[in-house]
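In: Everything below, folded, please.
(one chain, ligands or ions: 1)
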Amino acid sequence: MVRPISAIIDTNALKNNLKIIKNIAFKSKVWSVLKSDAYGHGIKNIYSCISYNSDGFAVLTLDEAIFLRKNGCNKPILLLEGFFNKKELFFIYKYSLTITLHSKWQLNELIKYKSKYPINIYIKINSGMNRLGFPTKKIKKIIHIIKNNINISKISLMTHFAETTINSNFIEKQINNIKKYINYHNFSCSFANSAAVLWHKYTHYDWVRTGIILYGASPTGEWKDIAKIKIKPVMTLKSKIISIQKIYPGQIIGYNCEYYSNKKRKIGIIACGYADGYPRNINNKTFVLVQGIKTKILGNISMDMIVIDLLNIPTAKIGSSVELWGKNIKIDDVAKSANTIGYELMCSLSKRVPRILK
Ligand SMILES: *Cc1c(COP(=O)(O)O)cnc(C)c1O
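Out: Numbering: from 1, shown residues only. Below you'll find the model as predicted:
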């Protein structure tokens, strides 16, 4: 028997989510964000499923971009941080990739490279997040330098928002900061991430860049914030009960005697642990689903196993299926109990968990 853990990728949910994104941002084109192995879902799986309906794909690394081209992708591909090394420029031109330009050193390398072929550039504006990008007051000058020194097919403007909440006023501040220095309406603009797509519609402009809602989790980390939008979780992490134990009052469970039982109870051992990417630092109110019933995790998470309470699920047996996150147990809720966000859990899902398309 193979180890029973798997991540089921629901292709209908994925298509549903992209459709919802396209309805909400109906005036914009959509960069489907496939970085970090499509947020842990498997870039090949996700690409094959939404290639027909995305306007372009945004990735982080050259390898991801070349992988897409070699799998038949002839739509625009955006490198979200451009290049990290001038050696990448050869491949950027070879595979017609769109680059983000965020730093002076990149601009200098691009000028030195002197390609006779035109390139698409997204100029990254630091409008207030203070991570990547040129300061707003320098943008006009950067555009001038690009136009005079580089063979350009198109210049677009890009910024990234710091706040992912529903009632952000920082987003408006960031936009105003751009407006102060440049008439951005004269350019193709890509400003909105998932949060801005959902809750700040005036930021949509020409291209939006959606990651997390494509995969069916919340940009805020709170499932309730997106529950009404009909976005569906794409990944279900499931496994099985591989052993059942009976314990008696006064007995403990797992490493360091973390859980002490004051009653007789049936417990189930699940084939899933922190080496699979399940977070170890969850609080003691974290649930899984067995036979349609929510039940608690007991004691410490081990590298390869989790212990759950079966006190109220008498019919559970060896081989019973367990949902760790997915349609019923929201990844946002598990993440919250581990003091993190759905993004991190998705990206941390280990390689040893097979992804299965359904
Ligand atoms: C990852 C990323 C996105 C997608 O963000 P979501 O919150 O997942 O929609 C958008 N833009 C940039 C620059 C990114 O790095």
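In: near the ligand, which residues of the stretch 1-150 of the chain show up?
Out: Counting by Cβ under 6 Å from any ligand atom, the residues of the stretch 1-150 of the chain close to the ligand are 33, 35, 80. The way it works is simple: take the backbone N, C-alpha and C, and place the C-beta from them, glycine included.
In: Can you redo the residues you listed as CSV, where the extra columns are neighbour count?
Out: As requested, those are arranged in CSV below (neighbours: other Cβ atoms under 10 Å):
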residue, neighbour count
33, 25
35, 18
80, 22
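In: of those residues, closest to residue 134?
Out: Minimum distance to residue 134 across these is 15.6 Å, recorded for residue 80 (Cβ to Cβ).
In: give me every residue that touches that closest one.
Out: With Cβ atoms under 8 Å, 6 or more residues apart in numbering as the criterion, the residues that contact residue 80 are 33, 35, 58-60, 100.
In: Just give the nearest non-adjacent residue to the residue in the chain positioned nearest to the ligand, would you?
Out: When scored by Cβ to the nearest ligand atom, the chain has residue 211 as its residue closest to the ligand, at 2.5 Å. Once flanking residues are discounted, residue 211 sits nearest to residue 33: 3.6 Å by Cβ to Cβ, 6 or more residues apart in numbering.
In: Kindly report the same for residue 254.
Out: residue 299 (3.4 Å).
In: How about the backbone phi and psi for the one you found?
Out: phi 80, psi -170 (degrees, to the nearest 10).
In: Do you know the pLDDT at it?
Out: Listed pLDDT for residue 299 reads 96.
In: I'd guessed it sits against residue 253; true?
Out: Yes. When contacts are counted by Cβ atoms under 8 Å, residue 299 is listed as touching residue 253 (3.9 Å).
In: Between those two, which contacts overlap?
Out: Taking Cβ under 8 Å, 6+ apart as the contact rule, the neighbours common to residue 299 and residue 253 are 259, 307.
In: Where does pLDDT dip in the stretch 201-350 of the chain?
Out: Across the stretch 201-350 of the chain, no stretch falls below the confidence threshold (pLDDT under 70).
In: residues from it in reach of the ligand?
Out: The interface of the stretch 201-350 of the chain toward the ligand, taken as Cβ under 6 Å from any ligand atom, is made up of 209-212, 219.
In: so which of the residues you listed is the most crowded?
Out: Of all those, the highest neighbour tally under other Cβ atoms under 10 Å goes to residue 210, namely 29 neighbours.
In: Tell me which residues touch that residue, please.
Out: Residue 210 is in contact with 21, 25, 30-33, 193-194, 197, counting by Cβ under 8 Å, 6+ apart.
In: mind checking how far it is from residue 164?
Out: Remark: distance between residue 210 and residue 164 (Cβ to Cβ, to the nearest Å) = 12 Å.
In: any common contacting residues for those two?
Out: Shared contacts of residue 210 and residue 164 (Cβ under 8 Å, 6+ apart): 193-194.
In: that older thread, ok, the contacts of residue 80 vs residue 89, which is closest?
Out: Of all those, the one with the least separation from residue 89 (Cβ to Cβ) is residue 100, at 13.6 Å.
In: that's a strand at the closest one, yeah?
Out: Yes. When classified by DSSP: H, G, I helix; E, B strand; the rest coil, residue 100 is found to be part of a strand.
In: 746 is where my numbering starts, stick with that
Out: Got it, first residue is 746 now, which makes that one residue 845.
In: thought it was touching residue 829?
Out: No. The pair residue 845 / residue 829 is not scored as a contact, 11.4 Å apart, by Cβ under 8 Å.
In: Run a quick neighbour tally on residue 821.
Out: Burial of residue 821 is recorded as 17 neighbouring residues (other Cβ under 10 Å).
In: mind listing what it touches?
Out: Neighbouring residues of residue 821 by Cβ under 8 Å, 6+ apart: 776, 800-802, 843, 865.
In: Who are the contact partners of residue 1009?
Out: 991-994.
In: Likewise for residue 954?
Out: Taking Cβ under 8 Å, 6+ apart, we find residue 954 in contact with 776, 778, 803, 823, 935, 937-938.
In: let's see 7 Å
Out: Neighbouring residues of residue 954 by Cβ atoms under 7 Å, 6 or more residues apart in numbering: 776, 778, 803, 935, 937-938.
In: same deal with residue 1094?
Out: Contact analysis of residue 1094 by Cβ under 7 Å, 6+ apart lists 752, 785, 1022.
In: switch to 6 Å and redo it
Out: 785, 1022 (Cβ atoms under 6 Å, 6 or more residues apart in numbering).
In: what about it, distance to residue 756?
Out: Residue 1094 sits at a distance of 18 Å from residue 756 (criterion: Cβ to Cβ).
In: repeat for residue 909
Out: The gap separating residue 909 from residue 756 is 26 Å, by Cβ to Cβ.
In: Kindly report the same for residue 1050.
Out: In this view, residue 1050 and residue 756 are 30 Å apart by Cβ to Cβ.
In: Show me which of these two is the more surrounded one.
Out: In terms of neighbours (other Cβ under 10 Å), residue 1050 is the more surrounded of residue 1050 and residue 756; the figures are 20 against 15.
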